[in-house]
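Enquirer: quick one: sequence and predicted model below, then my questions.
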Amino acid sequence: MQVRKVYLDNAASTFIEPAVLDAMLPYFQEWQGNPSSTHYHGRIVKNALENARKTIAELLNAKPSEIFFTSGGTEADNMAIFGCVEQYNIQHIISSPLEHHAVTHTIEYLDKKGIVQAHWLENDPLGRLNFMQLENLLRQHKNTLVVLMHGNNEIGNLLDLEYISALCKENQAFLLSDTVQTVGHYPISHKLGLSFFCGSAHKFHGPKGIGFLYINQNVKIACHIHGGSQERNLRAGTENLPGVIGMAKALEIAIQNQEKNHKHLKGLKSYFIQKLKESIPEVEFNGDIENSMASVINVCFPSSEYDDMLLFQLDIQGISASAGSACTSGSNVGSHVLRALGLSESQIKNSVRFSFSRFTTYEELDYTLDVLQKMFVKSYQN
């Protein structure tokens, strides 16, 4: 079998849209001014920066003054959590063990320092959160920040943001939702009533190293990075102008094609699940696949001679997938999300996350399915 190069790790990062690169190039080649400079070249790029901010805000039904540029989702999460805690003297943070480490590690740090008390929501084996517990905690503790992601980056579970937002509003709690996996793919806007949400351009076919934090106009936070007046005195440092331009263009394309892309992704996921069930009957799926993102599927394969080497074997065959978050790929601890679902260590080791994009083809899935089937048929025969 000829080895092909198949990329099925789009939850980690996506290919950049050609039109996005075209939009960025002038700000690498022609316009080198600093947006904070007052001369002609500075004014030109400042105008481009603010037009991009306006574009992103309009796409999210927000105001330009509610959009703050960051280096990505991790910084945006940190900026919101630290800034809100300091500004409002937050005493309690409610979150989930299923969150990205950009959230869990930040909350654990604040808890360990005695700055806040962390409360972790329970979840069932499918990763569904205990909302009754959330309601009880919100009633018990005032001056609270709730941090819950919209789409889980490892198992794909989707959260009902409207319900959570209404619950937080009723109890006068702040709500940050890590929407890194869903911005550009699902409708996200200020209408949800969130205090904060964030995006990272390379998750929706934009450049790496650029993201944003939405801060509701009724919420203020403490300064995140000191040293200059950029981003309305919240984040000092010269803005990544080409990145901002690229992010705005990528979000525009993603939202314009959102319905078509979603249909394509749903088709890919349904096809992949059905063919996996047919070719490897013992396969299982992690998370709540009936209520999850169309782009992500986490598969637990049966024990075989490839235990501990699944990703390595796939890589040899030219297939790029992952065991979970790219941010923890250097760790040998294993997925904290799958562990929170109650999976055994062997199940965690035999689980692979496949994630799709609008560029993913059925031919690529067929090749991947063929590779997997041959691996496991061989294992059964042995």
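Expert: Alright, I've got the coordinates.
Enquirer: could you pull out the buried residues of the strand or helix carrying residue 81?
Expert: In the assignment (DSSP states H and E), residue 81 maps to helix 73-88. Along helix 73-88, these residues count as buried under the neighbour rule (16 or more other Cβ atoms under 10 Å): 73-85, 88. Any C-beta I mention is one placed from the backbone N, CA and C, and that applies to glycine too.
Enquirer: mind putting the residues you listed into a markdown table with pLDDT?
Expert: As requested, the buried residues of helix 73-88 are exported to a markdown table (pLDDT from 0 to 100):
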| residue | pLDDT |
| --- | --- |
| 73 | 97 |
| 74 | 97 |
| 75 | 97 |
| 76 | 98 |
| 77 | 98 |
| 78 | 98 |
| 79 | 98 |
| 80 | 98 |
| 81 | 98 |
| 82 | 97 |
| 83 | 97 |
| 84 | 98 |
| 85 | 97 |
| 88 | 97 |
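Enquirer: now distance to residue 242 too, for these, in TSV please.
Expert: Converted to TSV, the buried residues of helix 73-88 look like this (distance: Cβ to Cβ, whole Å):
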residue	distance to residue 242
73	19
74	20
75	18
76	19
77	23
78	23
79	21
80	25
81	28
82	27
83	26
84	30
85	32
88	35
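Enquirer: and those residues, which is closest to residue 298?
Expert: The closest of the buried residues of helix 73-88 to residue 298 turns out to be residue 73 (Cβ to Cβ; 19.5 Å).
Enquirer: the closest one reaches residue 177, doesn't it?
Expert: No: at 11.4 Å, residue 73 does not count as touching residue 177 under the criterion of Cβ atoms under 8 Å.
Enquirer: what packs against the helix holding residue 81?
Expert: Taking 3 or more Cβ pairs under 8 Å, 6 or more residues apart in numbering; DSSP states H and E as contact, the helices and strands that helix 73-88 lies on are strand 67-70, helix 101-112, strand 144-147, strand 174-177, strand 196-200, strand 211-215.
Enquirer: gap between that helix and the chain center?
Expert: Helix 73-88 sits 16 Å away from the centroid of its parent chain (Cα atoms, centre = their mean, to the nearest Å).
Enquirer: tell me which of the helices and strands packed on helix 73-88 sits nearest to residue 163.
Expert: Nearest to residue 163 among the helices and strands packed on helix 73-88 is strand 174-177; the distance by Cβ to Cβ comes to 11.2 Å.
Enquirer: residues touching the closest residue to residue 253 other than its chain neighbours, list them.
Expert: Nearest in space to residue 253, with sequence neighbours left out and distances taken as Cβ to Cβ, 6 or more residues apart in numbering, is residue 17 at 5.6 Å. With contacts defined as Cβ atoms under 8 Å, 6 or more residues apart in numbering, the neighbours of residue 17 are 205-206, 249-250, 253.
Enquirer: from residue 55, how far out is residue 17?
Expert: Distance, residue 17 to residue 55, by Cβ to Cβ, to the nearest Å: 15 Å.
Enquirer: just residue 179 next, same as before
Expert: From residue 179 across to residue 55, the span is 18 Å (Cβ to Cβ).
Enquirer: most neighbours out of the contacts of residue 17, which is it?
Expert: residue 206 (31 neighbours; other Cβ atoms under 10 Å).
Enquirer: wait, it touches residue 244, no?
Expert: No: with contact defined as Cβ under 8 Å, residue 206 does not reach residue 244; the gap is 9.8 Å.
Enquirer: that older thread, more neighbours, residue 179 and residue 55?
Expert: Set side by side, residue 179 and residue 55 show more neighbours around residue 179, with 28 against 19, by other Cβ under 10 Å.
Enquirer: the more buried one in helix, strand or coil?
Expert: Here residue 179 is recorded as coil under DSSP: H, G, I helix; E, B strand; the rest coil.
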